[in-house]
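Colleague: Sequence and predicted model, in that order:
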Amino acid sequence: MLEEIAPWPDEWKHDGKSGKLLLRRAALGQVPPFVLSRGKTGFATPSSAWLRGPLASMAQDLLGSKGAIARERGEGALVDRLLREHRAGRERGAELWALFWLELWRREVVLGATGKEAAFLSTPAWASHGGA
């Protein structure tokens, strides 16, 4: 499809205001107008709920371990505070989610994960850890 559309004039493909002009025009009458006129939206994961629920103990073990990257860089107190605040109901999911995956990536790619981390990384999180 891209090979077919690529040589078409730019004004057919976009109007300078919104992307995917051809797709939007093709969808007219097929989807509600508000869908065609709205801006981009992200895909949200229930990471905060996961970090308070099925991944809470793993996040604590991973981020609380002596060898965690944040602790090695002298940020252990900050990580402890984020974990504590998140457990207490304050929204710290975005920060903890980033740290959680940074630590898993580091253990897999840099250190070569074994045990629980390796098993987690080889299985989709939503399949074995209560995802939505």
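Modeller: Thanks, I have the structure now.
Colleague: and the spatially most central residue of the chain, helix, strand or coil?
Modeller: Ranked by distance to the mean C-alpha position of the chain (Cα atoms, centre = their mean), the top residue is Thr45 at 6.4 Å. Taken by DSSP: H, G, I helix; E, B strand; the rest coil, the conformation at Thr45 corresponds to coil.
Colleague: how near is it to Arg92?
Modeller: Counting by Cβ to Cβ, to the nearest Å, the gap from Thr45 to Arg92 is 15 Å. For every residue, glycine as well, the C-beta is placed using N, CA and C.
Colleague: Please apply the same query to Ala44.
Modeller: As for Ala44, its distance to Arg92 is 16 Å (criterion: Cβ to Cβ).
Colleague: Doesn't Trp8 belong to a helix?
Modeller: No: assessed with three-state DSSP, Trp8 is coil; it does not lie in a helix.
Colleague: any idea which helix or strand carries His86?
Modeller: Following DSSP states H and E, one finds His86 within helix 76-87.
Colleague: In that helix, which residues are buried?
Modeller: Across helix 76-87, burial judged by 16 or more other Cβ atoms under 10 Å covers Gly76, Val79, Leu82, Leu83, His86.
Colleague: next one: stretch 88-97
Modeller: Neighbour-count burial for stretch 88-97 [16+ other Cβ under 10 Å]: Arg92, Gly93, Leu96, Trp97.
Colleague: sec struct for the last one, please.
Modeller: What three-state DSSP gives for Trp97 is helix.
Colleague: so what's it up against?
Modeller: By Cβ atoms under 8 Å, 6 or more residues apart in numbering, the contact list for Trp97 reads Thr45, Ser47, Ser48, Leu51.
Colleague: Over to the third one?
Modeller: The contact partners of Leu96, taken as Cβ under 8 Å, 6+ apart, are Ser47, Leu51, Ala59, Leu63, Leu82, Leu83, His86.
Colleague: Alright, calling it a day.
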